[in-house]
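K.L.:
sequence and predicted model, in that order:
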Amino acid sequence: MPAQIATSRQLLLALLILAISLFFPSLLSRGASRRLTQLTSHIFPSPTTNRAASSILPTNRPLPKMGYEKELEVALLAVQRASILTKTVYSSHSKGTLSKSDSSPVTIGDFGAQALIIASIKHAFPEDDVVGEEDADDLRKNEQERNLVWDLVQAAKLDDSAAEDKIGGPIQSVDDMLTALDNGRSNGGRQGRIWALDPIDGTKGFLRGGQYAVCLALMVDGVPTVGVIGCPNLPIDDKAPLDSSIGADADDKEGKGVLFGAVKGQGATSQPLSKGALQQSRKISMKAVPDVSQATFCESVEAGHSSHGDNAAIASKLGITKSSVRMDSQAKYASIARGAGDIYLRLPVSKSYEEKIWDHAAGVVLVQEAGGQVTDAWGKPLDFGIGRTLKDNKGVVAAPKDVFQQVINVVKEVLSAKE
Ligand SMILES: Nc1ncnc2c1ncn2[C@@H]1O[C@H](COP(=O)(O)O)[C@@H](OP(=O)(O)O)[C@H]1O
Ligand SMILES: [Mg+2]
């Protein structure tokens with residue numbers, strides 16, 4: 001009761017000061033103005049204020065519902081279903097690999113997962129655009145490959161029929177499958193709702209028997225807003241230690257498969273990536289790093305994707321003596337978001353390479369919502385609104401907010417020394 005009286009008094013006081021500030025702004029001292037901000041933020045807490053506090057202190061309370069519930073649910077189910085397909089291909093001997101025009105590999109798993117996810121999005125949100133990594137050109141030319149993908153697409157189903165219905169049920173025909181694949185050709189942009197999809201991120205890891213991820217993000221007016229990542233080969237246990245074996249022992253399926261989700265302003269979660277209904281998710285957050293020299297940093301397995309030499313120089317300047325954890329795909333973002341690792345370094349190898357939006361959008365939402373910060377290697381915000389690539393950015397650095405500045409200063413030092 002006394003608390004209620006105090007709150008209504010505070011409310012009256014805030015309204016009074018607000019009225020003065022509107023009609024007689026010059027009468028308001030800086031102190032009164034600060035008090036007004038404190039009072040209003042206490043009485044009407046903003047989602048951002050809540051997020052900053054909750055990202056440091058993990059809690060088991062359910063996340064507040066503040067919009068994008070349907071987008072998150074559809075994305076989680078779509079990624080869950082596509083992951084069933086990718087797991088089938090992962091465990092089969094032949095992965096139907098083709099070489100793309102940029103000589104990077106693509107498998108029947110990439111095509112099948114993209115078709116399933118885009119069909120789900122178009123069922124739930126027919127007006128939305130999709131920037132997908134793949135298209136149907138190769139499948140239209142290659143009947144054998146097309147039939148293999150069609151078999152996979154028909155076989156991948158969620159156990160829960162209500163969940164299947166939410167994402168539109170099975171794709172009805174080969175033509176519908178090809179159309180779904182081709183619906184990923186959007187050029188992206190700054191306006192409206194655009195999904196960024198990487199059906200199998202870390203294809204080289206997928207082929208090697210390492211980590212890979214099914215990644216989907218909704219961007220609203222160029223801002224990554226919903227992010228979902230399925231990691232079939234990561235341990236379910238958020239607290240499982242992250243060491244160099246993470247990218248190598250993926251054959252052992254016991255206790256593996258995680259589905260991560262995040263919505264801007266609402267925090268990030270993980271849950272097992274099983275075939276059944278979505279499970280109770282756990283809130284995840286980045287680990288506090290009181291001493292950066294004790295941090296665990298992650299980098300690509302592929303030296304062609306991120307400069308191992310520059311990453312090592314940065315780690316050494318930060319006093320980090322532990323060797324890096326190398327793993328493919330956005331499993332790196334997911335791993336630091338749940339506090340298994342701390343820092344993700346992706347220093348550019350080639351000056352001309354433009355990072356693709358589908359390689360980062362989902363991971364960025366996850367890390368930001370878990371209490372981290374992500375920029376390019378020069379500390380510039382990543383601009384997802386200029387098209388299919390991050391053409392105004394070079395490289396990527398992700399770290400907990402508390403140590404971010406310290407890390408980016410060293411990254412810039414190492415980059416400047418090379419200029
Ligand atoms: N020269 C390069 N520099 C940076 N990234 C590159 C690259 N060549 C390819 N990539 C991207 O690196 C992604 C994999 O990242 P990682 O090394 O973190 O696993 C690839 O995604 P796909 O595997 O979806 O093609 C591809 O888009
Ligand atoms: Mg990728």
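P.N.:
Yep, that arrived. Ligands and ions are numbered 1, 2, ... in the order given.
K.L.:
hang on, Leu345 in a strand?
P.N.:
Yes. Residue state for Leu345 (DSSP: H, G, I helix; E, B strand; the rest coil) corresponds to a strand.
K.L.:
and it, how many neighbours?
P.N.:
27 (other Cβ atoms under 10 Å). For the C-beta atoms, the positions are set from N, CA and C on the backbone; glycine is no exception.
K.L.:
need phi/psi at Ala268.
P.N.:
Main-chain torsions, Ala268, degrees, to the nearest 10: phi -130, psi 150.
K.L.:
likewise for the one 10 residues further on?
P.N.:
Backbone torsions for Leu278, taken as degrees, to the nearest 10, come to phi -60, psi 140.
K.L.:
doesn't Ala75 make contact with it?
P.N.:
No. Counting by Cβ atoms under 8 Å, Leu278 sits too far from Ala75 to count as a contact (11.0 Å).
K.L.:
these two: who's more crowded?
P.N.:
Ala75 (30 against 18).
K.L.:
now the common contact residues for Leu278 and Ala75.
P.N.:
When Cβ atoms under 8 Å, 6 or more residues apart in numbering defines a contact, no residue borders Leu278 and Ala75 alike.
K.L.:
wait, a strand at Val374?
P.N.:
Yes. The secondary structure assignment for Val374 places it in a strand, going by three-state DSSP.
K.L.:
count of residues packed around it?
P.N.:
Neighbourhood size, Val374 [other Cβ under 10 Å]: 22.
K.L.:
could you list the contact residues of the stretch 101-250 of the chain toward ligand 2?
P.N.:
For the stretch 101-250 of the chain, the residues found near ligand 2 under the criterion Cβ under 5 Å from the ion are 198, 201.
K.L.:
can you pull out the helices in the stretch 101-250 of the chain?
P.N.:
Taking DSSP state H, counting those that start in this stretch as the criterion, the stretch 101-250 of the chain carries its helices at 108-124, 137-141, 143-155, 161-166, 174-182, 203-208.
K.L.:
how about those helices, which one is nearest ligand 1?
P.N.:
Minimum separation from ligand 1 across the helices of the stretch 101-250 of the chain (Cβ to the nearest ligand atom) falls at helix 203-208, 3.8 Å.
K.L.:
buried ones in stretch 409-419?
P.N.:
In terms of neighbour count (16 or more other Cβ atoms under 10 Å), stretch 409-419 has its buried residues at 410-411, 414-415.
K.L.:
can you list the low-confidence ranges for the chain?
P.N.:
Within the chain, the set of residues satisfying pLDDT under 70 comprises 1-65, 247-253.
K.L.:
and the lengthiest strand in it, how far from the chain's centre?
P.N.:
Residue-count comparison of every strand in the chain, with assignments taken from DSSP state E, identifies strand 223-235 as the longest. Using Cα atoms, centre = their mean, to the nearest Å, the distance from the centre of strand 223-235 to the centre of the chain it belongs to is 5 Å.
K.L.:
please save the CA atoms from it in PDB.
P.N.:
Backbone C-alpha positions of strand 223-235 (Å, rounded to 0.1, in the frame of the first residue of the first chain) are rendered in PDB as follows:
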ATOM      1  CA  VAL A 223      17.500  -3.200 -38.900                       C
ATOM      2  CA  PRO A 224      17.900  -6.900 -37.900                       C
ATOM      3  CA  THR A 225      15.000  -7.400 -35.600                       C
ATOM      4  CA  VAL A 226      14.300 -11.100 -35.300                       C
ATOM      5  CA  GLY A 227      17.100 -13.700 -35.500                       C
ATOM      6  CA  VAL A 228      16.900 -17.500 -35.400                       C
ATOM      7  CA  ILE A 229      19.800 -19.900 -35.700                       C
ATOM      8  CA  GLY A 230      19.600 -23.700 -35.700                       C
ATOM      9  CA  CYS A 231      22.900 -25.400 -34.800                       C
ATOM     10  CA  PRO A 232      22.400 -29.200 -35.200                       C
ATOM     11  CA  ASN A 233      26.000 -29.900 -34.000                       C
ATOM     12  CA  LEU A 234      26.300 -27.700 -31.000                       C
ATOM     13  CA  PRO A 235      25.800 -29.200 -27.500                       C
END
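K.L.:
please work out the angle formed by the directions of the helix or strand just after that strand and strand 223-235.
P.N.:
From strand 223-235 onward toward the C-terminus, using DSSP states H and E, the following helix or strand is strand 256-263. On the basis of axes from the mean of the first three to the mean of the last three Cα atoms, to 10 degrees, strand 256-263 is oriented at 170 degrees to strand 223-235.
K.L.:
can you list the helices and strands that strand 256-263 packs against?
P.N.:
Contacts of strand 256-263 with other secondary structure elements, assessed using 3 or more Cβ pairs under 8 Å, 6 or more residues apart in numbering; DSSP states H and E, are made with helix 69-90, strand 223-235, strand 267-272, helix 331-337, helix 361-369.
K.L.:
SS state for the nearest residue to Lys380 once chain neighbours are set aside?
P.N.:
On the basis of Cβ to Cβ, 6 or more residues apart in numbering, the spatially nearest residue to Lys380 that is not a chain neighbour turns out to be Asn393, at 5.9 Å. Judged by three-state DSSP, the three-state class of Asn393 is coil.
K.L.:
wait, Asn393 touches Phe384, no?
P.N.:
No. Using Cβ under 8 Å, Asn393 makes no contact with Phe384, being 9.6 Å away.
K.L.:
flag every residue of the stretch 101-250 of the chain that's near ligand 1.
P.N.:
104, 133, 198, 201-203, 205 (Cβ under 6 Å from any ligand atom).
K.L.:
what does the stretch 251-400 of the chain have sitting close to ligand 1?
P.N.:
300, 302, 304-305, 328-329, 349-350, 353, 356, 359.
K.L.:
now for the residue lying closest to Leu178 once chain neighbours are set aside: which residues touch it?
P.N.:
With Cβ to Cβ, 6+ apart as the criterion, Leu178 has its nearest non-adjacent residue at 4.3 Å, and that residue is Ala136. By Cβ under 8 Å, 6+ apart, Ala136 lies in contact with 111, 178-179, 181-182.
K.L.:
smallest gap between the chain and ligand 2, at which residue?
P.N.:
Residue nearest to ligand 2 within the chain (Cβ to the ion): Asp201, separated by 3.6 Å.
K.L.:
quick one: that residue and Gln330 touch, right?
P.N.:
Yes. Checked against Cβ under 8 Å, the pair Asp201 and Gln330 is within contact range at 5.2 Å.
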